[in-house]
Structure formats: structure tokens, C-alpha cells
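1. structure, please.
(chains A and B)
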Amino acid sequence: MKDKKATKIVFKSADEMPAMVISIGSQTHNKTGAWRNIRPEVDRSRCLKCGICWKFCPEPSIDIVDDWPVVDYDFCKGCGICAEECPAKCIVMVEEQK
Amino acid sequence: MKKVIMGNHALSYGAMLSRTRVIAAYPITPQTQVVELLSEMCADGTLDATFIKVESEHSAMASCIGASVAGARTFTATSAQGLALMHEMLHWASGGRHPVVMGNINRSMAPGWSIWTDQNDSLSERDTGWMQYYCSSNQEVLDTVIQAFKVSEALMIPAMVVLDAFALSHTYEVVDVPDQKAVDRYLPPFAPEIRLTPSDPHAFGGLTSPEHYFELRYKLQKDMEKAPALIEETGRDFEKAFGRPLGLVDAYRCDDADFLFVTSGTAGSTARVAVDALRNEGVRAGNLRLRVFRPFPFATVRKIVARAKKVAVVDRNISYGCHGIFFQEVKSALYGRPQAPPLFGFITGLGGRDITVEHFKEMAAQTLSHDRPEEEIGWIGVKR
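-> Reported below is the predicted structural model:
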């Protein structure tokens, strides 16, 4: 599992910066989870641990922890692809309350 | 080895000798032979490169950018509507600092449909952050591709090598095709400091907040400002290795000239003939052909133009509601200079209409007989 808690990178001057637009951390500290209207919830009693949700997540915000899929809600945008692809239909999209 | 080849094939040979590794292209008249020959070279093993067939010019440039990020020397070619379709990706190549080199055959923008030359296609991409070289012979086309890779990769800025439709693209000339070993000595393999590789993963071109975007653009301009000196330096090295100079400008009989043409592309060759004719008639004429348009060679233009008493700037293009584009740039280079001579802007040859020696003589006559231009734009050869 990647460390997604990396600190925000701020360059003090142009000289410090690479000319190429690379990895200045925006994908890490710009948490896209706030865009979500519906959230995927995994029912472990029916989960096959097949990893298809992990494979299909375009963000990618499903990690595999001890063989189980774990959604990273800091980055999940709630697209629902994992729920659509899950062969056991154990992922349900639930409306966000707030 | 000397070969008789068309301008389009001069581009292909330039890309081959530069040991281009990836070519992604979509055919369009008058560019087709460029990539036709390159695809043959890839197929028969003459060139160890991947040829990617794509469904549009937008995808061609997108593929070139991807290959360049992965560290491959990358080439493509297009023209007119194809270049316009690439527009978004042109910003991506320069903004992301991917040193793709592209041949662009100057073809007039439709409508009306035209396959003949003028410069409005490439000049519409003036502000995309690409370097632009304008060529006047097939030899210069081939040589410029090699030099362009060298300069672009040093600065991580892409470059367009521009040539006139038919006047160069389909015209056969004797071209000295350099020896591969000599080109290898001049142009080492592309070895970018940062590239897309599994051992050192990066995200490229990601979201950039107001905190950093401004600095990226500042850096692009600062590196572009290094280009004139580097083009002169690599041009001198090229002359040492191959015997042909490749400077920012081609100044013909400018040293003692009272009257100057400022030209670009193949019109710059015709202008030489006109200069000789005018000299025979007692006019001390010269021709300053701009080989490099971006970065604009301000210092060189100022130095040479300031020595003249009258200057005619020849544009095979127009910025509607304004002037010819080279005219604007030359004017801005001279603004506020006390020794600046009067500039006369002429627009001619749009849509591939021939620009003849007689047209140059007409421009000279109008310029020499007036203290200042009578009209904002001098129209040459238009039926009005």
C-alpha cells in the first residue's frame, strides 16, 4: 500500500523546480473524496477476495489489506465501477449523508 | 552522399539520420511522402524505430508526447488542418517539456480548400511554446532536423521544422546526405534526466495549482531565451562537422545594404535573385532571411536591420485586423530604437500564389519611392 499521507511539496523558487511537470504532490494532497455523492461499502460476509474491484478502480483507491479490499475514502470519487464489476455483488453504493 | 530528393524526403532522411526511435503520424497532403518513406524505413529495417499509425493528428502528437516522456527521440510531420487539429497537444508537448521534433509543410488553411503554401498554419501556433525554423532549401530541411533535435533536447522544448508546400515539399534538389557516423558524433542519443520508467515512477503533467504553474511558464520562457545562443553554437558546430552554417538568420549581401528585404522560407531564395538584380540596377540591396522565428532572434535582427535605411518585410501570412506577422515582430524588435529605419510591410503569395522576382522589385520600388508607407499593408500581386 502506497503512503498517501505524503506532505505537500511547495517550491520556494523556480530554480528549485524541475522544468518538467512531474510529481509535485498535487495528486496526493488534493483529496478527491469530497467530490463523492455515493460511497462503496464492502460486505465482507459475501466478499470472494477476488481483487476484481482493486483491478477496475480507476483512481486507484481500493487497496488490498490482508487479502480484503479496503476503500480509501480520501480519494474515492464514488464512481461505482467496483460495485458494477463485483461478481459477488458484495459492494453496495450508499448515499453520503452529509 | 549526394542524392536528388524532394523536400519531404529531406525531412525523412533528417529523422532517419537522427536515429529517431518513435514516429507517430497521420498522412495529409502535402506531407504524405515524409511519413511514407519513414514507414518504409521502419518496415525494411533501415531505421530501428516504431511507427505508430494513428487515427488523427491529435493522436499523433499525443503518441509522440508519450514516447518522448518514456525517453525516445520522437518525430512526426503534418500540415495545415492537421497541425490545427494538434493544437491542444502542441501546448501539452511544450508545457510538459517534451522535445518532439515535427516537420510542418506550410499549407494554406481552409476554407477555401487549398493544398498550396502559405504560413498561416504554422504561425497560428506561434504562441504554443514550440521553436520554429523556416527552411529555404531541401539541404537546409535535412540539416535543420538534426540541429533541431540537438537544441530541443538540450532545452527540453519541442521544435517545428517548416517548409513551403510544393515549392520545397515536392521539389527535387541535390542534397548532401551526411554520413551516419558523422551525425552520431554531432547528435548523441537522447538521454533525458527525468523519464517515465518503472524504476523511478512519476506522475507527468498533473494538476498544478496557482502556487506552481506560473514558475513553470517562467522557466519555459527562460529556457526559450537560451535558444538563440544555442542555435548559433550548434550551428557553428554543424558547420565544422558538415561544412554548412545553420545560424538564426541567413544574411545575404546585408553588410553594405541601404535597402533590405526581410524574408522567410522559399521566398527568401527568390529574394536573393531580386537582390542581385537590384544591385545591377545600382540599388545597394540585401536580404535578411529569418531562419528561426521562435525564439525570435531580436538581437540579430536589430543589429542587421539598424544598418539599413529602408526595410521591406515580406509576409506570406496575415494576422487579420492587424498586419503580416513577421512585420509585427520586426517592428516590435525595433521599437524605441533611435536608429530604426522605416519599415514597409508587404503581404503576398497567400494560398500558394507565386512570389516572383518582379514582385520583389515592386516592393523595392514602393519602399524606395516613399519616406513612409502609404498604407498599413502593402498588397503585392492581389487582383484589386
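2. ranges for the helices of chain A?
-> A:26-29, A:52-56, A:81-85 (DSSP state H).
3. now those in CSV, with distance to chain B and mean pLDDT?
-> Heads up, the C-betas are built off the backbone N, CA and C, glycines and all. Shown next, in CSV, are those (distance: least, C-beta to the nearest C-beta, whole Å; pLDDT from 0 to 100):
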stretch, distance to chain B, mean pLDDT
helix A:26-29, 4, 72
helix A:52-56, 18, 97
helix A:81-85, 21, 98
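4. which one of those lies nearest to residue B:336?
-> For residue B:336, the closest of the helices of chain A is helix A:26-29, at 41.9 Å, according to C-beta to C-beta.
5. out of the helices of chain A, nearest to residue B:81?
-> helix A:26-29 (35.0 Å).
6. show me what the closest one is packed against.
-> Using 3 or more C-beta pairs under 8 Å, 6 or more residues apart in numbering or on different chains; DSSP states H and E as the contact definition, helix A:26-29 packs against no other helix or strand.
7. show the contacting residues for residue A:13.
-> By C-beta atoms under 8 Å, 6 or more residues apart in numbering or on different chains, the residues touching residue A:13 are residue B:215.
8. and if you look at residue B:249?
-> Applying C-beta under 8 Å, 6+ apart, the residues contacting residue B:249 are B:288-292, B:297, B:300-301, B:304.
9. now, the most widely separated pair of the residues you listed?
-> Spatially, the most separated pair among the contacts of residue B:249 is B:292 and B:304, at 13.7 Å (C-beta to C-beta).
10. related to what we said a few turns ago, could you dump the helices of chain A to CSV with mean neighbour count and distance to residue A:9?
-> As requested, those are exported to CSV (neighbours: other C-beta atoms under 10 Å in any protein chain shown; distance: least, C-beta to C-beta, whole Å):
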stretch, mean neighbour count, distance to residue A:9
helix A:26-29, 17, 8
helix A:52-56, 16, 28
helix A:81-85, 17, 30
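11. so which of those is nearest residue B:85?
-> Among these, helix A:26-29 sits nearest to residue B:85 (C-beta to C-beta), with 29.0 Å.
12. output the closest one as CSV, nothing but the C-alphas.
-> Only the C-alpha atoms of helix A:26-29 are listed here, as CSV (Å, rounded to 0.1, in the frame of the first residue of the first chain):
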residue,chain,number,x,y,z
SER,A,26,-0.8,17.5,-6.1
GLN,A,27,-2.4,14.1,-6.7
THR,A,28,-1.6,13.2,-3.1
HIS,A,29,-2.7,16.3,-1.1
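13. distance between that helix and the chain's centre?
-> A distance of 12 Å separates the centroid of the chain from that of helix A:26-29, by C-alpha atoms, centre = their mean, to the nearest Å.
14. neighbour count for residue B:292 and residue B:304, which is higher?
-> Taking neighbours as other C-beta atoms under 10 Å in any protein chain shown, residue B:292 and residue B:304 compare with residue B:292 leading, 25 against 20.
15. ok, now how distant is that one from residue B:90?
-> In this view, residue B:292 and residue B:90 are 18 Å apart by C-beta to C-beta, to the nearest Å.
16. secondary structure element for residue B:345?
-> Per DSSP states H and E: residue B:345 is located in strand B:343-348.
17. helices or strands up against that strand?
-> strand B:310-315, helix B:325-334, helix B:357-368, strand B:378-380.
18. got the contact list for that strand?
-> Contact with strand B:343-348 is made by B:267, B:310-318, B:323-324, B:327, B:330-331, B:334, B:355, B:359, B:363, B:366-367, B:370, B:373, B:376-382, as judged by C-beta under 8 Å, 6+ apart.
19. again, but for stretch B:222-236
-> Contact partners of stretch B:222-236, identified using C-beta under 8 Å, 6+ apart, comprise A:14, A:19, B:129, B:131, B:147, B:150-151, B:154-157, B:245-248, B:292, B:294-295, B:297-300.
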